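A.B. asks: Got a sequence here, can you build the structure:
(one chain, ligands or ions: 3)
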Amino acid sequence: MKLDVAHILDWMEKANDKIQQNKTYLTSLDQAIGDGDHGINMARGFQEVIGKISASDYSNVSDLLKDISMTLLSKVGGASGPLYGTAFLKMSMALKDSDSVDYPQFVHAMEEALQGIKQRGKAEKGEKTLVDVWETLLEQLKEQDDFDSVRFEETAKLAMESTKELEAKKGRAAYLRERSIGHLDPGSVSSYYIFSSLSDVVKE
Ligand code: ADP
Ligand code: MG
Ligand code: MG
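C.D. replies: Ligands and ions are numbered 1, 2, ... in the order given. Next up, the predicted model:
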């Protein structure tokens with residue numbers, strides 16, 4: 001399979017649905033180890049993304065991903081807005097002028113996205129941030145050679161759950177030091193929703 005504009009529109013619709021349904025939950029996770037706005041930030045940003053992309057026509061995935069990134073950058077806010085915005089911007093740049101995305105192109109775009117997140121947040125895997133989900137998934141992507149063999153849902157879920165036992169080293173949760181242990185990282189949970197949505201798109 002290849003991902004085209006329709007797949008990415010569907011991906012964003014599904015991600016938005018999950019984020020809206022779990023807005024209160026995401027916020028409660030951020031109340032425990034942050035400032036309690038992650039659900040609000042993500043729900044606002046993704047609603048704006050849907051508004052923007054459903055009102056436009058796209059002839060290639062790169063322009064679509066660019067609009068997603070610009071909307072996330074300007075509407076999500078917090079630490080997560082620039083990070084998600086950068087991720088989608090790097091994907092857009094990696095897929096310049098492509099009208100559809102084959103598996104190697106997708107892996108390359110994900111690699112660029114992860115690098116962008118890590119540069120922007122100065123975070124590494126294991127520091128209890130959304131990097132934990134993106135990097136674990138990228139490792140799995142590199143071991144596979146087509147969309148059908150990637151376990152997006154399961155891999156992102158395990159990585160998200162693994163943040164519970166970690167001590168936060170970046171972001172607001174890092175102020176809590178060892179008291180951050182025992183709580184899920186909110187951004188890893190929203191990233192899990194994003195990749196479980198992609199999983200649904202790929203399976204259809
Ligand atoms: P804020 O913390 O500014 O209120 P959000 O609550 O929207 O922003 O997002 C918090 C999430 O952002 C965290 O759960 C974490 O996953 C992610 N995050 C925060 N700082 C960093 C960083 N430096 N690098 C990577 N991810 C980060
Ligand atoms: Mg917050
Ligand atoms: Mg905040």
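
A.B. asks: Alongside ligand 3, which residues does the protein contribute?
C.D. replies: Applying C-beta under 5 Å from the ion, one finds that the chain approaches ligand 3 through D35, D37, G78. Just so you know, the C-beta spots here come from the backbone N, C-alpha and C atoms, and that holds for glycine as well.

A.B. asks: cutoff 8 Å now
C.D. replies: With C-beta under 8 Å from the ion as the criterion, the chain meets ligand 3 at residues D30, G34, D35, G36, D37, H38, N41, G77, G78, A79, R172.

A.B. asks: Redo those residues as TSV? Include distance to T71.
C.D. replies: Putting the residues of the chain next to ligand 3 into TSV (distance: C-beta to C-beta, whole Å) gives the following:
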residue	distance to T71
D30	21
G34	23
D35	22
G36	23
D37	18
H38	17
N41	13
G77	12
G78	15
A79	17
R172	23
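
A.B. asks: Derive a PyMOL selection command for the buried subset of those.
C.D. replies: The following PyMOL line selects those of the residues of the chain next to ligand 3 that are buried, judged by 16 or more other C-beta atoms under 10 Å:
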select buried, resi 30+34+36+37+38+41+77+78+79+172
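
A.B. asks: so which of the residues of the chain next to ligand 3 would you say is closest to G116?
C.D. replies: A79 (14.2 Å; C-beta to C-beta).

A.B. asks: gap between the closest one and ligand 1?
C.D. replies: As judged by C-beta to the nearest ligand atom, to the nearest Å, A79 and ligand 1 stand 4 Å apart.

A.B. asks: related to what we said a few turns ago, near ligand 2, which of the residues of the chain next to ligand 3 show up?
C.D. replies: D30, G34, D35, G36, D37, H38, N41, G78, A79, R172.

A.B. asks: Now the two most distant members of these.
C.D. replies: G36 and A79 (13.5 Å).

A.B. asks: Identify the residues contacting K96.
C.D. replies: S62 (C-beta atoms under 8 Å, 6 or more residues apart in numbering).

A.B. asks: In which helix or strand does it reside?
C.D. replies: Assigned by DSSP states H and E, K96 belongs to neither a helix nor a strand.

A.B. asks: From V61, how far out is it?
C.D. replies: 10 Å (C-beta to C-beta, to the nearest Å).

A.B. asks: just the strands in the protein please.
C.D. replies: Secondary structure of the chain (DSSP state E): strands at 3-4, 100-101.
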